[in-house]
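[1] sequence plus the predicted model coming up.
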Amino acid sequence: MTAVLTAAVVVLAALTAVCLLMLAAVVRRLRTIEERLNGPAATLPEVGLTVAGFQAADLTATTLSESDVEDGTVLFVMPGCGPCADLIAALAEHPSGALTAFVAGNPADEVTQELARKVGAVAGRVAVVDEGGAVTAAFGGVSSFPTVLRISGGVIAAAGRSVDAVAPSLVAA
């Protein structure tokens, strides 16, 4: 009987050690993600920055350029972004044609296309662009998502993570 109990204790100790190692790996991964989200790369574009020239095709294959967003609100989202999905769901209650949205991702990817369709239901114009490409660079190097910008006269007038903080008139009831 003592041998059985000893074996059970050894097995439980080994399982506990494996669980602790797995927990440590998960915590390390979460810290890496948190640093990526909240680190220097997660800063918002600078207020006062002039939007540089760019061209992108929207979902209707119409060319979208900096002159199309001179005065308005611009949204950047990407697939797999939980806060982006929450923001899009909140916007669904107040669709706005005044909103221009860019979905950062691979245009050939079905998940990206599905997100673009969802965003299209709440925004006036939507374009799928490369993450880290010319369009995100034109807006000061958008590198974290979601990013909401209010543009006035071709200059970034406000930047934030939510529409209600940047352009409250778009979500007013």
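    Everything's here; your move.
[2] now do the buried residues in the worst-scoring helix or strand of the chain on mean pLDDT.
    The helix or strand with the lowest mean pLDDT-type score in the chain, counting by mean pLDDT, DSSP states H and E, is helix 163-166 (a mean of 83). Of the residues in helix 163-166, those buried under the neighbour-count criterion (16 or more other Cβ atoms under 10 Å) are Val163, Asp164, Val166. The way it works is simple: take the backbone N, C-alpha and C, and place the C-beta from them, glycine included.
[3] packing partners of it?
    Secondary-structure packing of helix 163-166 (3 or more Cβ pairs under 8 Å, 6 or more residues apart in numbering; DSSP states H and E): strand 72-77, helix 82-91, strand 147-152, strand 155-160.
[4] can you give me how far whichever helix or strand comes after the second one is from the chain middle?
    Okay, so that is helix 82-91. Tracing the chain past helix 82-91, the next element assigned as helix or strand by DSSP states H and E is strand 96-104. Relative to the centre of its chain, strand 96-104 is centred 13 Å away, using Cα atoms, centre = their mean, to the nearest Å.
[5] for stretch 10-30, same thing?
    32 Å.
[6] check stretch 149-169 too.
    Computed by Cα atoms, centre = their mean, the separation of stretch 149-169 from the middle of its chain amounts to 16 Å.
[7] hmm, who's touching it?
    44-51, 66, 69-76, 83, 87, 90-91, 99, 139-140, 146-148, 170-171 (Cβ atoms under 8 Å, 6 or more residues apart in numbering).
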